[in-house]
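K.L.:
The sequence isn't on hand, but the structure is:
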DNA sequence: CATGAATGAGGGTTCATTCAT
DNA sequence: CATGAATGAACCCTCATTCAT
């Protein structure tokens, strides 16, 4: 009975992910409000009503999608922590992780950030989920912060700007690249962008004393 | 006849601005889709139908709001260009302009960026307005770019990162601050934030060699 | 004081007629519901609100228009009664009167007939006006009926069909011509049409024994 | 699978017809603009939104209704073509078909004619439907024309009036009867009316030489 | 579990009508 | 008397959500 259950569980989870994949595609392309449940269902190969077997809400879908993506991101970022590597390399790795995770769906991250704007009116159970959600969002910041802290500990950072702020700025910079891509309607050269960002981070506009 | 007409025109414009003020408040607080025309009208002291005397659409309201805000911003930024000032001071002044312009309505800028995402599908006359809109959005980038270029010309910048990218990064950093404020649901200390940003920009994490 | 009053009265009436002219144009072209008060006002050279100085309602405008047109028609038809003419000539004259009266605005007559459909829900004072209106509509029928009766009295008519029915049929036939014109979007040759109608009336499809 | 599908299709069609029945009732009674979708839905036993599962628009409902009624009419008229019958009997049969088809909803036919007036401004796909619609409207004329032509071929008709005009006049006459009924707010004696019309058609006012 | 059908709540928009100037 | 501005009521339509099958 147990293996049967787990298999069913697995199937269920697979279908959930199918739905989330469809949602990711559409949300990142058209935005949250412009995407209808019917669209998602159609793209996932389900009927609109079927979605409600897997998620409670439209919002629930978005939230789970956010959670999934952010978890993926965080796990990738964690893998970048390698004490044997020079500290900035770890940071660069993390940035690359962001680009890789959101890859084609770059604009999704933009929406994630903005979503919390509209979603404050919700309540009770949803509040909890929002907490998770906000937590993960900070997760990225947290990882970045950690990376900066590590660099600082190794004497590579002397700025008076707090690690947390550095992390925040970095995430803003990354989003600015995503935004450029969206407006240009095409993905750019990831390597170059990361390089450029690293240059800017390490020495600002002053030039690279590394 | 002429003075009478201009006065009436002025009144009309004033009312338009009242509506836009209401819209700014609500859009920046609840987001575009969550804000109903009824809300805007009520807050502006009009009836829903009255809005249509001043704007063609809900979208039209948003677009005009965006134009107004971005124009205000640009004019403020332009005023920062002072050749007698040290170049970075000009830049700092521009950043301050952004903070001042969006002040309480910080999250509005975030929405502006995202709005263009969903709005590409529109048509004809509106397309023109969208162009204006996108143009102004780039306006901010343009000003920043110019400021960086000026600094570079004066030998204050040696980074290999292009002025345009610097500008982009900077605007991303500013937005990251706005986002923090939104999540914390309160405006922070502008002076400190600007200081922090300036530090980061000038020398990155390496520390301040200024 | 009296001549002054009458002059003012005259002006007022003239303006009323201007409005009715505009209404006739638009109602006959676009139909009652598709025509807005703003359209009428604009074409008449007034502001929308001004219409309410002259008429109580949109419906009131239509009703007065109907009355005016139908009165014109009736007076023209009355003038056709000439005892010295052969009876069928009188009838033909009346038909011509209809074509002349509605001339360019042929489709207006179609709408007049149909208007009573939607307008039954009205009340009190309006009821009275409706009576007038219905009365005039029957007016045309009445005139035709009279013409047929006259012919019959002179031994030119032997059909068992009542004069009233003949009149009704005739008016239906006329409208059918108007309808053709409308669908073809152009006025046809009035003379020919009248001729054709007269032929049909006098001897039906059997051929003309006149 | 096939029978299941056809059954579902049948149910769907039945519901569509329920809606059209409700629409016929209300349109013919109150007119197009005075009838709200809510009214139609309520009378058909649906919610307003449900209508949109079956029809695209309010206009779409009207158009489909028109098509249905006119198709019914045409098929009935076609069945009247019987070579073994005396030709005028066929014509009479066709007239009866019109009365039977529109029966209680006599005023609907009046509206059909008028609707095409306002509906020229529409677009693309709808244009096609409008064509169908106009085609069917002419359909009735066409059948009548054919009937007259048949009579003429058999030497029963010698009038110089063209078959087409005869048909047009006839349809006008029929509508005039419908209009009488509407104003009297009751259906009259169909047999008598048809008789009267036939008399008039065959020999006009001259009297019946048949 | 999956679906087609149905719904309620709400949104944007129009327009005849009123009122202050 | 004439008007620009404002309104309220109504309309059409959409969409997330539910329910019977």
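P.N.:
Thanks, I have the structure now. Computed from a prediction, not measured in an experiment: that's the story for all the values here.
K.L.:
Any idea how many residues pack against residue A:100?
P.N.:
For residue A:100, the count of nearby residues is 12 (other Cβ atoms under 10 Å in any protein chain shown). All C-beta atoms are positioned from the backbone trio N, CA, C, and that covers glycine.
K.L.:
Which helix or strand contains it?
P.N.:
Using DSSP states H and E, residue A:100 maps to helix A:87-102.
K.L.:
What average pLDDT does that helix get?
P.N.:
Across helix A:87-102, the average pLDDT comes to 90.
K.L.:
Packing partners of that helix?
P.N.:
Packing contacts for helix A:87-102, counted by 3 or more Cβ pairs under 8 Å, 6 or more residues apart in numbering or on different chains; DSSP states H and E, involve helix A:58-78, helix A:106-118, helix A:124-153, helix A:163-184, helix A:190-203.
K.L.:
So which of these is nearest residue C:182?
P.N.:
helix A:58-78 (49.6 Å; Cβ to Cβ).
K.L.:
mind giving me the domain ranges of chain A?
P.N.:
Structurally, chain A divides into domains by automatic domain parsing as follows: A:1-55, A:56-206.
K.L.:
How many residues are close by whatever residue of chain A ends up closest to DNA strand E?
P.N.:
Closest residue of chain A to DNA strand E, Cβ to the nearest atom of the strand: residue A:49 (3.0 Å). Neighbour count of residue A:49, defined by other Cβ under 10 Å: 9.
K.L.:
So which helix or strand of chain A has the lowest pLDDT on average?
P.N.:
The weakest-scoring helix or strand in chain A, judged by mean pLDDT, DSSP states H and E, is helix A:106-118 (a mean of 69).
K.L.:
List the contacts of the most centrally placed residue in chain A.
P.N.:
Geometric centre of chain A, nearest residue: residue A:70, 4.3 Å, by Cα atoms, centre = their mean. Residue A:70 makes contact with A:112, A:133, A:136, A:137, A:139, A:140 under the criterion Cβ atoms under 8 Å, 6 or more residues apart in numbering or on different chains.
K.L.:
How about residue A:45?
P.N.:
residue A:18.
K.L.:
And for residue A:112?
P.N.:
A:66, A:69, A:70, A:137.
K.L.:
so what pLDDT did residue A:123 get?
P.N.:
With respect to pLDDT, residue A:123 scores 59.
K.L.:
Run through the residues of chain A sitting next to DNA strand E.
P.N.:
Chain A comes close to DNA strand E at residues A:12, A:15, A:46, A:47, A:48, A:49, A:50, A:52, A:53, A:54, as judged by Cβ under 7 Å from any atom of the strand.
K.L.:
The second one reaches residue A:54, doesn't it?
P.N.:
Yes: using Cβ atoms under 8 Å, residue A:15 makes contact with residue A:54 at a distance of 6.4 Å.
K.L.:
of these two, who's got more company?
P.N.:
Taking other Cβ under 10 Å, residue A:15 and residue A:54 do not tie; residue A:54 has more neighbours (19 against 16).
K.L.:
Excluding covalently adjacent residues, which one is nearest to the more buried one?
P.N.:
Distances taken as Cβ to Cβ, 6 or more residues apart in numbering or on different chains place residue A:16 nearest to residue A:54, at 5.0 Å, with adjacent residues excluded.
K.L.:
thinking again about what came up before, quick one: the residue nearest to the centre of chain A from chain C, how far?
P.N.:
Per Cβ to the nearest Cβ, to the nearest Å, residue A:70 is found 53 Å from chain C.
K.L.:
Enumerate every residue touching residue A:5.
P.N.:
Under the criterion of Cβ under 8 Å, 6+ apart, residue A:5 has no contact partners.
K.L.:
how close does it get to chain C?
P.N.:
Distance check for residue A:5 against chain C: by Cβ to the nearest Cβ, it reads 64 Å.
K.L.:
and that residue, what helix or strand is that in?
P.N.:
Per DSSP H and E: helix A:2-30 holds residue A:5.
K.L.:
Next one: that helix, is it in contact with DNA strand F?
P.N.:
No: shown here: helix A:2-30 not in contact with DNA strand F (Cβ under 7 Å from any atom of the strand), separated by at least 10.7 Å.
K.L.:
Check the secondary structure at residue A:160 for me.
P.N.:
coil (DSSP: H, G, I helix; E, B strand; the rest coil).
K.L.:
surely it meets residue B:198?
P.N.:
No: using Cβ under 8 Å, residue A:160 is not in contact with residue B:198; the gap is 10.9 Å.
K.L.:
Between these two, point out the one with more neighbours.
P.N.:
Neighbours were counted for residue A:160 and for residue B:198 using other Cβ under 10 Å; residue B:198 has more, 20 against 11.
K.L.:
For the more buried one, give me the pLDDT.
P.N.:
With respect to pLDDT, residue B:198 has a value of 94.
K.L.:
ok now do it, which residues does it touch?
P.N.:
B:88, B:91, B:92, B:95.
K.L.:
gap between it and residue B:192?
P.N.:
As judged by Cβ to Cβ, to the nearest Å, residue B:198 and residue B:192 stand 11 Å apart.
K.L.:
about what we covered before: a markdown table for the residues of chain A next to DNA strand E, including secondary structure and pLDDT?
P.N.:
Shown next, in a markdown table, are the residues of chain A next to DNA strand E (DSSP: H, G, I helix; E, B strand; the rest coil; pLDDT from 0 to 100):
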| residue | secondary structure | pLDDT |
| --- | --- | --- |
| A:12 | helix | 92 |
| A:15 | helix | 95 |
| A:46 | coil | 95 |
| A:47 | coil | 96 |
| A:48 | helix | 96 |
| A:49 | helix | 96 |
| A:50 | helix | 96 |
| A:52 | helix | 96 |
| A:53 | helix | 95 |
| A:54 | helix | 95 |
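K.L.:
Nearest to chain D among these?
P.N.:
Nearest to chain D among the residues of chain A next to DNA strand E, counting by Cβ to the nearest Cβ, is residue A:48 at 12.8 Å.
K.L.:
and the residue lying closest to the closest one once chain neighbours are set aside, how many neighbours does it have?
P.N.:
Leaving aside its sequence neighbours, residue A:48 sits nearest to residue A:41 (Cβ to Cβ, 6+ apart; 4.4 Å). As a burial measure, residue A:41 scores 19 neighbours (other Cβ under 10 Å).
K.L.:
and for the strand or helix carrying residue A:41, what are the contacting residues?
P.N.:
For residue A:41, the host element (DSSP H and E) is helix A:37-44. By Cβ under 8 Å, 6+ apart, the surrounding residues in contact with helix A:37-44 are A:18-19, A:21-23, A:25-26, A:30, A:47-48, A:50-51, A:58, A:61.
K.L.:
In that helix, which residues are buried?
P.N.:
Within helix A:37-44, the residues that count as buried by 16 or more other Cβ atoms under 10 Å in any protein chain shown are A:37, A:39, A:40, A:41, A:43, A:44.
K.L.:
Next: stretch A:5-18.
P.N.:
A:15, A:16, A:17.
K.L.:
distance between that stretch and the chain's centre?
P.N.:
Centroid separation for stretch A:5-18 versus its chain: 23 Å, with Cα atoms, centre = their mean, to the nearest Å.
K.L.:
Then stretch A:158-165?
P.N.:
23 Å.
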